[in-house]
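Student: Kindly return the folded structure for what I paste below:
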Amino acid sequence: MPEIYLKTDIDRGRVEGMAAAGMPHERIAEIMRIDAATLHRHYQRELSLAKEIADTQVIQTLFKQATGGGNWREAVPAATIFWVKARQHWRTVDQVEVGGAGEFDKMSDAELRELIKREMGEGADKGIDSQDKPVRLAPVK
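Tutor: Numbering: from 1, shown residues only. Modelled structure (predicted):
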C-alpha cells in the first residue's frame, strides 16, 4: 500500500524558500525526505512561483535603492546606474563618437585640420603631422 503524503503550511514555506534561493529540486526533495516525483506532485505551485517571488523582492529592493525610497538623498548611485542601464538600455561610452562612417574619408586634410581646431581649440593641430606625412582620421565604430 503506498504511503500517503500530507503537506503542511510550514512545509510549503520551506519548499518555497529553498526554491526561491535557487536550490535544485532534487536537493529540496532530499531535505524534505521525499522523492522528486512527490515534491513535484505536491509542491508544483511553490516550485514554479518561487523564482518570480524572489525576483520581485530583489527588484523592489533595487528600485528602493535606486530611487532612495522617494528621497533622492538616500539613493544609491550604483543601483540607479544599474537600473537605467538594464531598463533603458543605456551604456557607458568610453570613446566619443564623431560623425558617421566614411564622413572623414570625404574631407581634405585642410578640412580635417579645421575640424580639429574647431572641436579641440586653436593650436590643437600643432604637431599632428610635423613631418608633413598625411594624417588619416577614421570614425569610431
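Student: Now the helix or strand hosting residue 31: buried residues?
Tutor: Assigned by DSSP states H and E, residue 31 falls within helix 25-32. For helix 25-32, burial by neighbour count (16 or more other C-beta atoms under 10 Å) applies to 28-29, 32. Where you see a C-beta, it was placed from the backbone N, CA and C, and this is true even at glycine.
Student: give me the low-pLDDT residue ranges for this structure?
Tutor: Regions of the chain meeting the criterion pLDDT under 70 cover residues 1-2, 93-102, 121-141.
Student: what about the spatially most central residue of it, distance to residue 80?
Tutor: Central residue of the chain (C-alpha atoms, centre = their mean): residue 86, 4.4 Å from the mean position. Distance, residue 86 to residue 80, using C-beta to C-beta, to the nearest Å: 11 Å.
Student: The strand or helix carrying residue 51 to helix 25-32, inter-axis angle?
Tutor: Secondary structure assignment for residue 51, by DSSP H and E: helix 36-67. Comparing the axes of helix 36-67 and helix 25-32 via axes from the mean of the first three to the mean of the last three C-alpha atoms, to 10 degrees yields an angle of 110 degrees.
Student: Buried residues in helix 36-67, which are they?
Tutor: Buried positions in helix 36-67, judged by neighbour count with 16+ other C-beta under 10 Å: 39, 42-43, 46-47, 50, 54, 62, 65-67.
Student: Now do the SS call for the residue nearest to the centre of the chain.
Tutor: helix (DSSP: H, G, I helix; E, B strand; the rest coil).
Student: Kindly report the same for residue 92.
Tutor: Put simply, residue 92 is coil when judged by three-state DSSP.
Student: Check what contacts stretch 59-71 and list those residues.
Tutor: 74-76, 79-80, 82-83 (C-beta atoms under 8 Å, 6 or more residues apart in numbering).
Student: Stretch 17-27 now?
Tutor: Looking at stretch 17-27 with C-beta under 8 Å, 6+ apart, the contacting residues turn out to be 28, 31, 36, 39-40, 46-47, 50-51, 53-54.
Student: how about 7 Å then?
Tutor: Outside stretch 17-27, the residues that touch it by C-beta atoms under 7 Å, 6 or more residues apart in numbering are 28, 31, 36, 39, 46-47, 50-51, 53-54.
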